[in-house]
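Participant: Quick one: sequence and predicted model below, then my questions.
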Amino acid sequence: MEFSIKQSSAEKLRSGCVVVGVFEGGKLSAAAQQLDKADSQQISKVVKNGDMTGKAASTLLLHKLTGIEAERVLLVGLGKASELNNKTSIDILRATFKALNDTPAKDAALYITDEGVGKDANWVIKQAVFIASEQAYRADGMKSKPSKAATLKNITFATTDKPAANLKTTLDQAAAIAHGMSFTKTLGNLPGNICTPTYLATQALALGKAHKSIKTTVLEEKGMQKLGMGSFLSVTRGSVEPAKLITLEYSGADKKQKPIVLVGKGVTFDSGGISLKPGAEMDEMKYDMCGAASVLGTMQAIAEMGLKLNVVGVIPTCENMPGGKATKPGDIVTSMSGQTIEILNTDAEGRLILCDALTYSAKFNPDTVIDIATLTGACVIALGHVASGMFSNEEKLAQELLAAGEQTHDRIWQMPLWDDYQPLLDSNFADMQNIGGRAGGTITAACFLARFTKEYRWAHLDIAGTAWKSGKDKGATGRPVPLLAQYLINRAK
Ligand code: BES
Ligand code: MN
Ligand code: ZN
């Protein structure tokens, strides 16, 4: 899909479909007024007749209006200007692209950044690109015949006035983020028998091949052993698939500039191990590598943008399976940090692979480390499928991430890392145990990671509720690529 910006009078724009807004009560947007003037008030008539009330997210398609260059006109209801919020903006955009995708138009011109759709043109354009790309995405990589591709290929964001100078930059960044999300979704949706740790390593190496700015290296189990990653290796023991520790180094700035490190949980299938999960919906545990996939998607996006920043992606990836050699409840392992861990539940494996990856990350002398993980079912209970959980050992970083979440509508909610929770991880036999009980399960998981991140500024994102959708619309969401990419864009300024 191609996106562009163009200033033009609405009636003169040649396009498969021109999209203009109508407010509730019948007031026409500036672009709709231009069309109305050119087509001898046909739009006014349609509104007067009650075919388009302007109710938010309602749509009406009109064909071949005289005096208008575009083949079709799509009227989109904007609701009451006073009631506009981010949720209605997104509802309007979703309905717009749904209506466009129901037409045979190959290209469309949308007057949606001028007025009415959102409070800020930059915000609207990002959401429009994300939604258009989302609706064009097909999870057909494993089907014998590809699904019918979207006909809509070219989208022009049209403006009646001169567009703001920064709009083009925003558009290019949004397109790169959308490409990154699509990559993340594709990886997430692949089944566990295809998307193995080896497969993720191959994808990471391919990313390094495709972009001169990315250097990928893959550490095998032998190398991990040498580094003393007893915690990470304890998780992969039951699996026949070899574990990998993938590193992607993106160099966009001076070598001396400290990098931001993104660490993504890459459990390509989480059966729970000996603490086996119940059968219902266990297939969804193929999504337990979505943290890793979001790191790959974000690295791709920033490489495409050519962001002036140094970023390192670190991906510990393995399977969590039962087996004769698998780690057992009660086993005690030594992490790379030297701290010992009593594994009381082999299903709390994410923190076990992350803690060694976090210790490893210190070698990059990081400015900031952010880990991304489908870490706890408790996070889904706490925040549902709307916000990702966020923890940080530095308030400024927390605020920067919260802001990036708002800018991209890829929202997060901060949770406490207070020491009051730490005693829940005390073990009788080791330095700590890997679970803290049912209460505050998302928090104790984060507190566990905090014991390995004392040397640097750090944030943890629990994306268990936001990385994929269940049920009829089952599929990866591509989150939190927008959040991460926007945070990095802001840091590059
Ligand atoms: N990958 C799961 C977390 C998860 C579960 C994400 C369901 C999304 C939906 C993680 O490895 C896990 O199994 N966590 C356990 C921890 C518990 C044993 C302390 C959980 O949440 O049940
Ligand atoms: Mn688990
Ligand atoms: Zn898991």
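Facilitator: Ah, there it is. Ligands and ions are numbered 1, 2, ... in the order given.
Participant: pretty sure Gly384 is touching Ala464, no?
Facilitator: No - using Cβ atoms under 8 Å, Gly384 is not in contact with Ala464; the gap is 10.6 Å. The way it works is simple: take the backbone N, C-alpha and C, and place the C-beta from them, glycine included.
Participant: Which of those two has more residues huddled nearby?
Facilitator: A count of neighbours by other Cβ atoms under 10 Å puts Ala464 above the other of Gly384 and Ala464, at 27 against 10.
Participant: what about that one, which SS state?
Facilitator: Following DSSP: H, G, I helix; E, B strand; the rest coil, Ala464 is assigned to coil.
Participant: Quick check: it touching Ile372?
Facilitator: No - using Cβ under 8 Å, Ala464 makes no contact with Ile372, being 10.9 Å away.
Participant: and the longest helix for the chain?
Facilitator: helix 167-189 (DSSP state H).
Participant: what mean pLDDT does that one have?
Facilitator: When pLDDT is averaged over helix 167-189, the result is 98.
Participant: Show me what it packs onto, helices and strands only.
Facilitator: The helices and strands touching helix 167-189, judged by 3 or more Cβ pairs under 8 Å, 6 or more residues apart in numbering; DSSP states H and E, are strand 2-7, helix 121-136, helix 290-305, strand 475-476, helix 481-492.
Participant: Single out the most deeply packed of the ones you listed.
Facilitator: helix 290-305 (a mean of 29; mean count of other Cβ atoms under 10 Å).
Participant: ok, now which ones touch Leu93?
Facilitator: Residues near Leu93 by Cβ atoms under 8 Å, 6 or more residues apart in numbering: Ile112, Val117, Val124, Gln127, Ala128, Ile131.
Participant: and of those residues, the nearest to ligand 3?
Facilitator: Comparing the contacts of Leu93 against ligand 3 with Cβ to the ion places Ile131 closest, at 29.7 Å.
Participant: now that closest one: how far from Val18?
Facilitator: Applying Cβ to Cβ, to the nearest Å, the value for Ile131 to Val18 is 18 Å.
Participant: can you give me the angle the top strand by length along the chain makes with helix 290-305?
Facilitator: Identified as the longest strand of the chain according to DSSP state E is strand 310-320. Taking axes from the mean of the first three to the mean of the last three Cα atoms, to 10 degrees, one finds strand 310-320 and helix 290-305 inclined to each other by 150 degrees.
Participant: got the CA coordinates for strand 310-320 in CSV?
Facilitator: Extracted C-alpha coordinates of strand 310-320, given in CSV (Å, rounded to 0.1, in the frame of the first residue of the first chain):
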residue,chain,number,x,y,z
ASN,A,310,21.8,3.2,18.2
VAL,A,311,19.4,0.4,19.1
VAL,A,312,20.2,-3.2,20.0
GLY,A,313,17.6,-6.0,19.9
VAL,A,314,18.2,-9.0,22.1
ILE,A,315,16.0,-12.1,21.7
PRO,A,316,16.2,-15.1,23.9
THR,A,317,14.2,-17.8,22.1
CYS,A,318,13.3,-21.4,22.9
GLU,A,319,10.4,-23.7,23.4
ASN,A,320,8.9,-24.7,26.8
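Participant: Show me what it packs onto, helices and strands only.
Facilitator: In terms of contacts (3+ Cβ pairs under 8 Å, 6+ apart), strand 310-320 is packed against helix 197-210, helix 230-236, strand 244-251, strand 260-264, strand 266-270, helix 290-305, helix 350-361.
Participant: Any idea what Ser4 is bridged to?
Facilitator: When bridges are called by DSSP bridges, Ser4 pairs up with Thr156.
Participant: Quick one: residues contacting it.
Facilitator: Asn154, Ile155, Thr156, Phe157, Leu171.
Participant: what's the closest of those residues to Ala30?
Facilitator: Using Cβ to Cβ, Phe157 comes nearest to Ala30 of the contacts of Ser4, at 14.6 Å.
Participant: quick one: that closest one and ligand 3, what's the gap?
Facilitator: 40 Å (Cβ to the ion, to the nearest Å).
Participant: how about the closest residue to Thr66 other than its chain neighbours, what does it touch?
Facilitator: Leaving aside its chain neighbours, Thr66 sits nearest to Asp39 (5.8 Å; criterion: Cβ to Cβ, 6 or more residues apart in numbering). Counting by Cβ under 8 Å, 6+ apart, Asp39 touches Glu11, Leu65, Thr66, Gly67, Ile68.
Participant: run the last query once more with 7 Å
Facilitator: Leu65, Thr66, Gly67, Ile68 (Cβ atoms under 7 Å, 6 or more residues apart in numbering).
Participant: how many neighbours does the last one have?
Facilitator: So that's Ile68. Neighbours around Ile68, by other Cβ under 10 Å: 23.
Participant: Dihedrals phi and psi, it?
Facilitator: With angles defined as degrees, to the nearest 10, Ile68 sits at phi -120, psi 130.
Participant: Domain-wise, how is the chain divided?
Facilitator: 2-160, 176-492 (automatic domain parsing).
Participant: Flag every buried residue along stretch 94-109.
Facilitator: Buried residues in stretch 94-109, counting neighbours by 16 or more other Cβ atoms under 10 Å, are found at Arg94, Ala95, Thr96, Phe97, Ala99, Leu100, Asn101, Thr103, Ala105, Asp107, Ala108, Ala109.
Participant: okay, how far is it across it, tip to tip?
Facilitator: 15 Å (Cα to Cα, to the nearest Å).
Participant: Pull the residues that contact that stretch.
Facilitator: 13, 15-19, 57, 59, 61, 70-72, 74, 76, 131-132, 135, 150-156, 158.
Participant: ok so, going back, which one of the contacts of Leu93 is nearest Arg411?
Facilitator: Comparing these against Arg411 with Cβ to Cβ places Gln127 closest, at 12.6 Å.
Participant: measure that closest one to Lys48 for me?
Facilitator: For Gln127 relative to Lys48 (Cβ to Cβ), the value is 31 Å.
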